[in-house]
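Novice: Structural data only, the sequence is not supplied:
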């Protein structure tokens with residue numbers, strides 16, 4: 001951030017949590033102008049601060065500019081475009097002002113400075129305050145989290161008819177009581193007599209049957225009782241359950257095959273089979289619209305699934321001979337393979353990974369086999385992934401697995417010549433995190449939004465966040481021809497090299513450092529094949545499929561490997577150091 005020398009002397013620029021903690025530890029009153037990178041600090045106040053600093057000449061008075069984007073302590077102020085001035089003393093907030101009200105800011109500054117002198121002299125106590133802006137945001141955040149914990153899903157339902165003959169016999173209440181006893185909930189009901197036209201429309205799927213006209217006359221001969229039924233479940237099980245209660249459509253069959261069914265007990269001969277139930281989800285939706293046109297399909301508010309991640313290892317022997325079958329079993333069980341990598345462990349690495357098993361009689365054999373060749377490491381994601389995967393694996397002891405859990409994966413994929421089980425799974429969510437970090441450490445890659453896609457950068461950035469990447473650093477620039485040539489140096493022998501360079505200097509470009517487990521390969525999967533037409537066929541959800549135009553104007557760029565990523569980070573951003581969570585380390 002280019003600033004005049006005297007402004008830098010007056011206002012200390014704070015851009016990292018470490019720098020923030022440093023000023024919070026210093027004695028005196030700190031007046032902090034909290035700003036966003038995209039709009040910058042409030043320059044209008046700098047002259048006022050310089051004047052009062054000169055007038056007071058007080059060594060306890062300090063000024064700083066705090067970038068909310070990169071300081072963890074100012075996270076709740078991110079996205080706030082209104083000028084904001086915070087007053088800190090002894091590391092605590094003692095006052096705050098939102099808005100560039102110069103007289104109020106200067107008066108507050110003078111009052112708080114005098115108060116801090118009293119505190120340091122032992123004549124007063126420092127009083128910490130809470131900024132309502134932050135308090136309100138925290139409450140909103142909690143409310144949002146509660147909302148996010150729930151999701152609205154369509155509730156399974158069916159439409160039921162108690163037909164005219166049963167209504168006429170006064171059996172409706174008896175049938176309703178049986179529904180209630182089965183836990184079936186009636187969410188809508190009415191008694192109505194169908195006209196012949198309505199009966200024809202409702203049973204139009206039977207219009208070619210010989211009994212159609214007779215059916216129309218029967219259904220319009222008196223009132224029916226129409227109901228919408230649910231059981232508080234998101235699936236369609238209510239449809240099957242209600243039809244099972246009804247029994248076979250023909251009363252004679254019902255009495256013979258299901259004598260306790262409703263049709264067997266309440267139906268007469270022929271068409272007068274007592275009751276109706278939707279035969280599918282689609283039919284239920286149609287019938288709901290027919291009888292209750294202004295009623296929306298019922299909704300359920302359910303707790304969102306707790307998606308977990310766990311580590312799975314297909315050990316070397318099984319990887320060599322049974323990998324595809326095991327992967328299919330994993331997919332069939334509803335797991336998403338979020339991370340995947342073929343790895344080879346040295347003996348030392350295998351000993352380190354399984355150090356908790358040291359001393360066990362099988363330890364040497366385990367280490368030897370784990371370091372004998374390549375294996376497949378997987379990051380699996382699913383609701384209750386840790387427990388679900390371990391249940392699929394079965395007991396660690398092969399003989400126990402074969403005897404007590406013959407359908408488990410360890411039993412199914414046991415190898416005769418190998419006494420060890422062929423699959424590994426984390427034993428707890430905490431262990432899963434450690435093990436995933438071991439095999440898939442957070443790494444960085446460079447992402448570039450090219451000039452042709454710059455207008456859609458916000459949508460692309462949203463996709464980046466959805467894919468689990470952290471944007472550790474970013475910059476926008478009109479790059480020079482020299483930089484473009486250097487960036488694509490590995491493609492200088494290609495026929496399209498000059499056209500590519502010209503395209504890259506034709507407009508603004510956004511560069512980002514992305515952090516995530518397996519970031520290089522993960523980003524390449526997100527962007528898809530180089531040719532957008534190929535991407536649309538092979539990876540229709542990829543960024544190039546959605547935002548690319550042709551091979552040159554393909555929206556985004558990704559590094560080919562870790563070394564390429566490191567070189568480009570240095571070339572574009574200079575020397576950066578990264579913390580374990582993928583953020584850029586601050587420099588003091």
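Specialist: Structure's in. What do you need? The structure displayed is predicted, hence computed values, not measured ones. Numbering: from 1, shown residues only.

Novice: now residue 112: how far from residue 61?
Specialist: For residue 112, the distance to residue 61 equals 10 Å [Cβ to Cβ, to the nearest Å]. Using the backbone N, CA and C atoms, a C-beta is placed for each residue, glycine as well.

Novice: Let me fix that, I meant to ask about residue 556.
Specialist: From residue 556 to residue 61 the distance is 48 Å (Cβ to Cβ).

Novice: The two: which has the busier surroundings?
Specialist: Taking other Cβ atoms under 10 Å, residue 556 and residue 61 do not tie; residue 556 has more neighbours (25 against 19).

Novice: for the stretch 201-350 of the chain, which spans come out with low pLDDT?
Specialist: Low-confidence segments of the stretch 201-350 of the chain (pLDDT under 70): 301-306.

Novice: repeat that with 50
Specialist: Nowhere does the stretch 201-350 of the chain drop to pLDDT under 50.

Novice: in the stretch 51-200 of the chain, which spans are helices?
Specialist: Counting by DSSP state H, counting those that start in this stretch, the stretch 51-200 of the chain has helices at residues 102-120, 132-148, 164-168, 172-181, 196-202.

Novice: List the contacts of the residue lying closest to residue 131 once chain neighbours are set aside.
Specialist: Among residues not flanking residue 131 along the chain, residue 96 sits closest, at 4.6 Å (Cβ to Cβ, 6 or more residues apart in numbering). Residues in contact with residue 96 (Cβ atoms under 8 Å, 6 or more residues apart in numbering) are 84, 85, 86, 87, 129, 131, 133.

Novice: Need the worst-confidence member of these.
Specialist: Within the contacts of residue 96, pLDDT reaches its minimum at residue 133, with 85.

Novice: so that one touches residue 97, yeah?
Specialist: No - using Cβ atoms under 8 Å, residue 133 makes no contact with residue 97, being 10.7 Å away.

Novice: Looking at these two, which is more packed in?
Specialist: Set residue 133 next to residue 97 and count neighbours by other Cβ under 10 Å: residue 97 wins out with 18 against 15.

Novice: contacting residues for that one?
Specialist: Neighbour list for residue 97: 84, 85, 104, 105, 108 [criterion: Cβ under 8 Å, 6+ apart].

Novice: Could you measure from the closest residue to the second one other than its chain neighbours over to residue 87?
Specialist: Pointing back at residue 85 there. The shortest distance from residue 85 to any non-neighbouring residue, by Cβ to Cβ, 6+ apart, is to residue 97 (4.7 Å). Look at residue 97 and residue 87: by Cβ to Cβ, they are 8 Å apart.

Novice: Name the residues contacting each of those two.
Specialist: residue 108.

Novice: Mutual contacts of residue 112 and residue 61, please.
Specialist: Common neighbours of residue 112 and residue 61 are listed as residue 29 (criterion: Cβ under 8 Å, 6+ apart).

Novice: how does the protein divide into domains?
Specialist: Per automatic domain parsing, the structural domains of the chain span 5-141, 154-301, 307-439, 442-573.

Novice: Which one of the ones you listed lies nearest to residue 580?
Specialist: domain 442-573 (6.7 Å; Cβ to Cβ).

Novice: next SSE after the helix or strand harbouring residue 328?
Specialist: Using DSSP states H and E, residue 328 sits within helix 323-332. Following helix 323-332 in sequence order, the next helix or strand is strand 336-343 (DSSP H and E).

Novice: by contact count, what packs against that following strand?
Specialist: Other elements packing on strand 336-343 under the criterion 3 or more Cβ pairs under 8 Å, 6 or more residues apart in numbering; DSSP states H and E are helix 323-332, strand 375-383, helix 429-439.

Novice: That strand pairs with which strands, and in what direction?
Specialist: Applying DSSP bridges, strand 336-343 is found paired with strand 375-383 (antiparallel).

Novice: residues making contact with the partner strand?
Specialist: The contact list for strand 375-383 (Cβ under 8 Å, 6+ apart) reads 305-316, 319, 323, 330, 333-345, 388-389, 436, 439-440, 517.

Novice: Is it correct that residue 288 falls within a helix?
Specialist: Yes - Residue 288: assigned to a helix according to DSSP: H, G, I helix; E, B strand; the rest coil.

Novice: do you know how far the closest residue to residue 441 other than its chain neighbours is from residue 105?
Specialist: In this structure, residue 441 finds its nearest non-sequential neighbour in residue 517, 6.9 Å apart by Cβ to Cβ, 6+ apart. Distance of residue 517 to residue 105, given as Cβ to Cβ: 45 Å.

Novice: Spit out the contact partners of the closest residue to residue 397 other than its chain neighbours.
Specialist: Among residues not flanking residue 397 along the chain, residue 421 sits closest, at 7.8 Å (Cβ to Cβ, 6+ apart). Residues near residue 421 by Cβ under 8 Å, 6+ apart: 393, 396, 397, 398, 401, 410, 414.

Novice: quick check, nearest of these to residue 9?
Specialist: Distance to residue 9, by Cβ to Cβ, is smallest for residue 393 among the contacts of residue 421, at 63.7 Å.
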